[in-house]
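Visitor: Take a look and give me a structure for this.
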Amino acid sequence: MRIIYILITVLLFFSCIHKTSSEEKNILKDQLKEDSFLYKGSYQWAFDLMGTEQISTHILYPDSIKYKMTGRVYSTNYVMKKISYESLNGKWIGEDDDGIVYVLFFKEKTDSTLTIYKRKCKTGGLKEALNFNLPTANTTDDHGWNVYSLNGNDSRDVLPFSGNFITTDNNISISDSILTFNKKKST
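Guide: Below is the predicted model of the structure:
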């Protein structure tokens, strides 16, 4: 019975992601921007998460972005087709084959790097993406701004890992390099 409950919970969780319909796109079409997306190439961001390497890759094309994440913690691979691009704020909106909308912002391009912010629009789809404004420079929402290297030029970040894990018998708190187990700290 417990397995059935877990399966139902997982199915409900994944079915709660907003998928944009053709009708919704048609209603919002006047708000879409059609600037040319001139960035191109393969950009990677490598980071350590929970002691293992993750690599996030965006391959940029004029009409789409191929996204790939590889690593032990999480892996995925999908293409987002461009719906809108506004060059003034570097705001790109796209949709994957499942109808899930993403908004990305691009800034600070150099010969070898590009800074990218990416948000999955889970609750409002295209409308959420259109209403989402340029994030602040120091935001940590949606993993914040990340510096991607062109064609995998070496760049690596160590992500902080933190959280509280509580059971009836134990309380574990992890914050960067500090581990607290039942009120006893360890660094």
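Visitor: contacting residues around the longest strand seen in the chain?
Guide: When secondary structure is assigned using DSSP state E, the longest strand within the chain turns out to be strand 76-86. With contacts defined as CB atoms under 8 Å, 6 or more residues apart in numbering, strand 76-86 is touched by 25, 31-37, 62-69, 91-97, 101-102, 126, 129-130. All C-beta atoms are positioned from the backbone trio N, CA, C, and that covers glycine.
Visitor: Quick check: can you list the domain ranges of the chain?
Guide: Dividing the chain into domains by automatic domain parsing, as the record does, gives the ranges 18-154, 160-187.
Visitor: T52 - how many residues pack around it?
Guide: Using other CB atoms under 10 Å, T52 is surrounded by 10 other residues.
Visitor: Tell me which residues touch it, please.
Guide: The neighbourhood of T52, defined by CB under 8 Å, 6+ apart, consists of G71, R72, V73.
Visitor: Give the helix, strand or coil label for the last one.
Guide: Yep, that's V73 we're talking about. Assigned by DSSP: H, G, I helix; E, B strand; the rest coil, the conformation of V73 is coil.
Visitor: Show the pLDDT at it.
Guide: As predicted, V73 sits at a pLDDT of 90.
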